[in-house]
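In: Give me the fold of what follows.
(chains A and B)
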Amino acid sequence: MKLQTARFGCLEVPEANIIYFPDGLIGFERYKRYVILSKKENAPLRWLQCVDEPTLAFIIISPFLFKNDYKPLVEKQDLAGLKVKDISELEILAIVVVPDNPRDMVANLMAPLLINPKLCIAKQVIIKDSKYPTRYRILDSFNEDREAAKALSC
Amino acid sequence: MLILTRKLNESIMIGDVEVKITSLKGDYVKLGIKAPREVPIHRKEIYDVIQKENMEAAQTKITDISDLSALFKK
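Out: Below is the predicted model:
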């Protein structure tokens, strides 16, 4: 199908790639259909582009890239809503805010996006566990990891 | 805003959602909510914070994120 976007022009996207958020995203309840766009296969940052509103897109990231012990406690009814029994069946992504200085970019670990990749249905959930903030600094932990890796290699 | 007076253990129905006063202690009111699974229920202050974050994320002026990917290079 043809997809109109404000940032990337008109794209051809397979209809099978559309991810359906029955509740929309929080604050954007009207918009329910999105696709994930990425120029490169393994790019850390990708776009979650709304299918029905060309200007609406979010930068997203896998939280495990900078917080490998991320383990959100997802409520049973949310798992059931996504038609899975266990969180391991879901893909987890976090929405990124990039300020003027991109080194200060943050990810929302309190409200991750959970995607059932088989059925292409998804939901933004709010994690009750208070240890995960809405503004987790992505690159801090990345640098720590890098320093840890350096220390190991010495 | 519609304002109703309820006693302990009394309920109101909002559509098919039941909201019941289950305990009263000083400044605290405990509510029991019986709703279909698909109805999202959130504390408003948390919902507002997430909504604000989503709005800010959606307002990004960035169009090309490949430069940012370089920040992740080890």
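In: ok, now which ones touch the residue of chain A found nearest chain B?
Out: Using Cβ to the nearest Cβ, the closest approach of chain A to chain B is made by residue A:27 at 3.6 Å. For the C-beta atoms, the positions are set from N, CA and C on the backbone; glycine is no exception. Contacts here follow Cβ atoms under 8 Å, 6 or more residues apart in numbering or on different chains; on that basis residue A:27 touches B:50-52, B:54-55.
In: same thing with residue B:16?
Out: Contacts of residue B:16 by Cβ under 8 Å, 6+ apart are B:35-36.
In: lowest average confidence, helix or strand, in chain B?
Out: helix B:66-69 (a mean of 84; mean pLDDT, DSSP states H and E).
In: ok, back up a step: how much space separates the residue of chain A closest to chain B from residue B:50?
Out: Distance, residue A:27 to residue B:50, using Cβ to Cβ, to the nearest Å: 7 Å.
In: Quickly check: stretch B:67-74 near chain A or not.
Out: Yes - looking at stretch B:67-74 against chain A by Cβ under 8 Å from any Cβ of the partner chain, the contacts come from B:68-69, B:71-72, B:74.
In: Using a markdown table, lay out these together with distance to residue A:116.
Out: As requested, the residues of stretch B:67-74 next to chain A are exported to a markdown table (distance: Cβ to Cβ, whole Å):
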| residue | distance to residue A:116 |
| --- | --- |
| B:68 | 28 |
| B:69 | 27 |
| B:71 | 30 |
| B:72 | 27 |
| B:74 | 31 |
